[in-house]
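Novice: Provide a 3D model corresponding to the input given below.
(2 chains)
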Amino acid sequence: MGAQIREYRQRIRAVSSTKKITRAMELMAAARVVKAQEAVRESSPYARALTRAVSAVATFSTEDHPLTSEKTDVRRAAVVIMTSDRGLAGAYSSSVIKESERLVARLRDEGKEVVPYLLGRKAIGFYKFRHREIAAEWSGFSEKPSFEIAREVGERLVADFTTATDEGGIDEVHVVFSRFVSMVTQEPDVIRLLPLEVVEGEEKPSADELLPLYDFEPGAAQVLDALLPKYVNARLFNCMLQAAASELAARQRAMKSATDNAEELIKKYTRLANQARQAEITQEISEIVGGASALAESK
Amino acid sequence: MALQVELVAADRKVWEGEASQVSARSTEGDLGVLPGHQPMLVVLAEGEVRINAGGWKSAVVDGGFMSVDHDRVTIVAETVDAAGMGS
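Specialist: Numbering: from 1, shown residues only, chains lettered A, B, ... in the order given. I've put the predicted structure just below:
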């Protein structure tokens, strides 16, 4: 067998085993993305209940809370960047990091010092490679974030936010994550987490059903004290769940196109291998014919 | 008249249904809610929440809060141990 055919066949074998891997990853991501979307849905009753309660307190009391009050002199701004732990998800992590770089540049232009809080190994790697300082990092959960992690991150952010700026505290918190719009669209997005702006959630009380006049126990201030950190955690958790769903959707798409490309390559190499085989056969025939006629002439 | 009760944890809705009475431990002390209770927003302490829906069900919450309005009770906690909720 000719060396050329052997080489083509080797290539075909290599590409088909790669294809098997990418196909498996595609199927896995496809199965997980459904679960991740479900997780986003399942967390929404909690977020809705919290939003409703927070807006109830906000409506019926004029309580001012450190977490909601705008600081007059913003010097240190925290940026929370949510990326994936693993690659092979197309441009997922890099588009989030790019967005965060834009935000960082903007904050610097405004004369603020940027304090990065990183989630996911990709962001950590990006910052470590550039020898940048990291305030805090978490990793190892990007595909399936648990609420405990969100609480940990949230508590850290709230603690730093309530610390005085001169003692290493922060004045505002931005979150960069990938918003899950649909299976085909995920957009990097920035929200300002702290100071809180209470967004009236999807469930606005209808006009005829006014928010009832609540009794607060122990008191409006204490209720707000207990609610707001939970609200921060819930928003963070929601961002993390959306990021996870986006990551899986991006991975599924990336792996699907990798599988398609592998198929294309296999087809191309099969054609080339066939051509090489045919050429060899043709050559052999002409050699035989040539040899036979040479023998006949010499008689 | 019955209470519409919703028990919600951060990552899922634990239970939803009708009940005749709900009792929970607030930071101020134990608290029972019957139909017709006035609107209220209570911070819960760590402890048990008991729901009477044709037989008592109980769940352990890690704090959180409970809101009552128009006979709708929403109990919200970050983590809920629903071992005692039955089916």
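Novice: C-alpha only now, for contacts and for neighbours.
Specialist: Will do.
Novice: how close does residue A:226 get to chain B?
Specialist: 7 Å (Cα to the nearest Cα, to the nearest Å).
Novice: Report the buried residues of whatever helix or strand residue A:102 lives in.
Specialist: With elements taken from DSSP states H and E, the one containing residue A:102 is helix A:92-109. Buried positions in helix A:92-109, judged by neighbour count with 16 or more other Cα atoms under 10 Å in any protein chain shown: A:92, A:93, A:94, A:95, A:96, A:97, A:99, A:100, A:103, A:104, A:107.
Novice: Ok, stretch B:23-32 next?
Specialist: Using 16+ other Cα under 10 Å as the test for burial, stretch B:23-32 gives B:23, B:24, B:25, B:26, B:27.
Novice: Please name every helix or strand in contact with the helix holding residue A:102.
Specialist: strand A:76-82, strand A:113-119, helix A:121-129, strand A:172-180, strand A:186-194, helix A:220-298 (3 or more Cα pairs under 8 Å, 6 or more residues apart in numbering or on different chains; DSSP states H and E).
Novice: export those to TSV and tack on distance to residue B:67, mean neighbour count and mean pLDDT?
Specialist: TSV is the format used below for those (distance: least, Cα to Cα, whole Å; neighbours: other Cα atoms under 10 Å in any protein chain shown; pLDDT from 0 to 100):
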stretch	distance to residue B:67	mean neighbour count	mean pLDDT
strand A:76-82	32	26	93
strand A:113-119	34	22	93
helix A:121-129	40	17	95
strand A:172-180	29	25	93
strand A:186-194	25	19	90
helix A:220-298	11	18	92
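Novice: contacting residues for residue B:58?
Specialist: Neighbouring residues of residue B:58 by Cα atoms under 8 Å, 6 or more residues apart in numbering or on different chains: B:48, B:49, B:50, B:51, B:82, B:84, B:85.
Novice: The last one against residue B:60, yeah?
Specialist: No: checked against Cα atoms under 8 Å, the pair residue B:85 and residue B:60 is beyond contact range at 9.6 Å.
Novice: Specify which residue of those two has the higher count of neighbours.
Specialist: residue B:60 (19 against 15; other Cα atoms under 10 Å in any protein chain shown).
Novice: Which helix or strand contains that one?
Specialist: Assigned by DSSP H and E, residue B:60 belongs to strand B:56-62.
Novice: which parts of that strand are buried?
Specialist: Buried residues in strand B:56-62 (16+ other Cα under 10 Å): B:57, B:58, B:59, B:60, B:61, B:62.
Novice: Not counting sequence-adjacent ones, nearest residue to the fifth one?
Specialist: This points to residue B:61. residue B:80 (4.7 Å; Cα to Cα, 6 or more residues apart in numbering or on different chains).
Novice: Next, count neighbours for the one you found.
Specialist: Around residue B:80 there are 23 residues (other Cα under 10 Å).
Novice: can you tell me which residues contact it?
Specialist: Contacts for residue B:80 (Cα under 8 Å, 6+ apart) come out as B:8, B:9, B:14, B:59, B:60, B:61, B:62.
Novice: related to what we said a few turns ago, make CSV out of the helices and strands packed on helix A:92-109 and add distance to residue A:155.
Specialist: Listed next are those as CSV, based on distance: least, Cα to Cα, whole Å:
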stretch, distance to residue A:155
strand A:76-82, 13
strand A:113-119, 13
helix A:121-129, 20
strand A:172-180, 13
strand A:186-194, 12
helix A:220-298, 7
